[in-house]
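Q: Whatever this is, show me its structure:
(chains A and B)
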Amino acid sequence: MEYISNFFVNLGNSWTSLLSSFLPPWAVILINFIIVALLLVLMPVIATMTLTIMERKIIARIQNRIGPNRVGPWGIFQAIPDAIKLLTKEDIVPVNADKPLFNLAPLLIFLGAALLWAVIPFGRGVIGQDLNVGVLYLVAVGSISTIAIVMAGWSSNNKFALIGAFRIVAQLLSYEIPMVLAMASVVALVGTMKMGEIVELQSIPFLLILPVAFITYILAAAAETGRAPFDLVEADSEIVAGYFIEYSGLKFGWFYIAEYGNLLAVSAIAATLFLGGWRGPFADQAPVLGPLYFGIKTILIVFLLMWIRGTWPRFRIDQMLALAWKVLVPLGLFNLLWVATMIKLPLPVWLQWAFILAGNVLALLVTLTLMGQAAKRYAARRGMVGTRA
Amino acid sequence: MEQLFFILLALLTLSAALMVVTTRNLLHAAFWLILVFFGIAGFFILLHAEFLAVVQVLIYIGAISTLIIFAIMLTRRIMDPQQPRFNSQWGLVGGLAALLFVVLAAVTTRVAWPTTSATLPAEPIKQLGADFVGVYAVPFEVASVLLVVAMIGAIIIARERG
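A: Residues are numbered from 1 along each chain as shown, chains lettered A, B, ... in the order given. Next comes the predicted model:
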């Protein structure tokens, strides 16, 4: 029972002591590092195999279809034939492509997606490496994919790829700022950048204290992963497929895997920062429940992002950039300042948190009112239906 | 072990830096520069300065390299390898670069680099943050003012006339 209640940590300890009985310490460390690295690198692949079927089923339900239903019960093994199909496709390199960069870009984008998992806590003590700059590390690793996208777009020697790359880089750079501001307000609140410690100190989920930061983060995450309603990087009717248009076979597969890996990673980060990570009822007595709670919370966020994708119309590029710079950035800046001021007030912690929540709700109301007025002004100017003179 | 990593990193960084200045394709030079930045981040990790390493990746690779690549792509005829490499001022610039090299070499060889045996503080980032708004407040603010000036200048240049 004791063993089961903290299963993952105990399993790790047993494995380490088993290895230590016949191997020198440095070899044990090396083998353990390689195993952990392999597990974490496989996360984007696992995400692709599971989230694609989930996404297709959910979008199908929203659109009143059935979705994949041929392979396995309810079509749950659909991802496997898809993967096999992708592996057997011909690998085409355009004649005038910049070959070294063309081949490097898919690897680099996968690297960016895989490295994110190093600092995400799956449970108490179940974390790749609890870096003391964890949150900043996530932001820095995220910027690697920007480079990979520019590389892919340019080296393909295709105008659609290049325009797609320009669009997504403008989008990534704009939405990185509200995302960082949302993360920074959490960091300011807890006073640490260690992902493990942020969860430890989260006695109530920060969603209930910082709703503005959570909403900003979710919108920025949808934009950072290039998903609808921010999917104008691959708007078929305008630029065919965007920056990976020239890729085929497994090289295209790497972009696909990175996309779903990033989707799961941003959801896991949101679950860690705002929903209390692996915390939950009885998680303290039985730490084995931690990864379970963490998984459930992550899947909830994934579902939220898929729901948004299935139901919101696509933004135009100027609307998308205006949303980032005119709404989310000022809101994030205010939120960060408000949190920084409140935690310095000589008050008990619960009162500080109540003040932060009050400020958040107020900021949200003011923002929504202003946005509503702006929409009315816009509609009146254009003489749209539904406006009163 | 650490020495071995240092030598490997140094070789990687220096050869990438050499490629930056010798390659004929300007965009390749930008990508080699990114490799140089990664190498420098590696040096910070060897020095146990994880914060600086992460900031190096975030700012130099995430922001500055992207801007450099954009500037190259948006400039006309700059990516053509058939463009002449030198213009009439190459002698002057070469001389200045040689002078800069001499000055840097003189400084690095003559200064007795101070070392201390004190251990790292438990929370180096907190110390760094406190120093930025305490001891080093003035230089920190001057750097911020510089960035604001650059931003206003960029807006004025890019502003639509009329």
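
Q: Enumerate every residue touching residue 98.
A: Assuming you mean chain A. Residue A:98 makes contacts with A:154, A:155, A:157, B:28, as judged by CB atoms under 8 Å, 6 or more residues apart in numbering or on different chains. No exception for glycine: its C-beta is placed from N, CA and C like everyone else's.

Q: Same question for residue A:343.
A: A:188, A:189, A:191, A:352, A:356.

Q: among these, which two are most distant?
A: Spanning the widest gap among the contacts of residue A:343 are A:191 and A:356, at 13.9 Å by CB to CB.

Q: neighbour-wise, which of those two wins?
A: residue A:356 (23 against 12; other CB atoms under 10 Å in any protein chain shown).

Q: which residue packs closest to the more buried one, ignoring adjacent ones?
A: Nearest residue to residue A:356, sequence neighbours excluded (CB to CB, 6 or more residues apart in numbering or on different chains): residue A:342, at 5.0 Å.

Q: While we're on the one you found, how confident is the model there?
A: Looking at residue A:342, its pLDDT is 85.

Q: Distance check, it against residue A:381.
A: To residue A:381, residue A:342 is 39 Å away according to CB to CB, to the nearest Å.

Q: circling back to that earlier point, you'd agree the residue nearest to residue A:356 is up against residue A:354?
A: No - the criterion here is CB atoms under 8 Å, and residue A:342 misses it with residue A:354 at 9.4 Å.

Q: With neighbour numbers in mind, choose between these two.
A: Of the pair residue A:342 and residue A:354, residue A:342 is the one with more neighbours under other CB under 10 Å, namely 20 against 14.

Q: which ones are touching the more buried one?
A: Going by CB under 8 Å, 6+ apart, residue A:342 touches A:352, A:355, A:356, A:359.

Q: got JSON lines for those residues, with secondary structure too?
A: What follows is these, written out as JSON lines (DSSP: H, G, I helix; E, B strand; the rest coil):
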{"residue": "A:352", "secondary structure": "helix"}
{"residue": "A:355", "secondary structure": "helix"}
{"residue": "A:356", "secondary structure": "helix"}
{"residue": "A:359", "secondary structure": "helix"}
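
Q: okay, those residues in TSV with distance to residue A:24 next?
A: Shown next, in TSV, are the contacts of residue A:342 (distance: CB to CB, whole Å):
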residue	distance to residue A:24
A:352	51
A:355	56
A:356	51
A:359	56
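
Q: domain ranges for chain B?
A: As given by automatic domain parsing, the domain ranges for chain B are B:1-80, B:122-162.

Q: which ones are touching the residue in chain B that chain A sits nearest to?
A: Of all residues in chain B, the one sitting closest to chain A is residue B:62 (2.6 Å; CB to the nearest CB). Going by CB under 8 Å, 6+ apart, residue B:62 touches A:139, A:140, A:142, A:143, A:144, A:146, A:147, A:176.

Q: Report the two of the residues you listed separated the most.
A: Pairwise distances across these (CB to CB) peak at 14.2 Å, for the pair A:139 and A:147.

Q: more crowded one of these two?
A: Under the criterion of other CB under 10 Å, the comparison of residue A:139 against residue A:147 puts residue A:147 first, with 22 against 19.

Q: In what element of secondary structure is the more buried one found?
A: Using DSSP states H and E, residue A:147 sits within helix A:134-155.

Q: Please identify the buried residues of the very next helix or strand once past that helix?
A: The helix or strand immediately downstream of helix A:134-155 is helix A:159-190, counting by DSSP H and E. Residues A:160-190 are the ones in helix A:159-190 that count as buried (16 or more other CB atoms under 10 Å in any protein chain shown).

Q: Beyond helix A:159-190, next helix or strand please.
A: Sequence order places helix A:195-200 as the next helix or strand after helix A:159-190, per DSSP H and E.

Q: next one: that following helix to chain centre, how far?
A: 18 Å (CA atoms, centre = their mean, to the nearest Å).

Q: follow-up on the earlier one: for the helix holding residue A:147, packing partners?
A: Packed against helix A:134-155 by the contact rule (3 or more CB pairs under 8 Å, 6 or more residues apart in numbering or on different chains; DSSP states H and E) you find helix A:99-115, helix A:159-190, helix A:195-200, helix A:249-274, helix B:26-46, helix B:50-55, helix B:65-74.

Q: Check the secondary structure at residue A:328 for me.
A: Following three-state DSSP, we place residue A:328 in the helix state.

Q: Report pLDDT for it.
A: On the pLDDT scale, residue A:328 is placed at 89.
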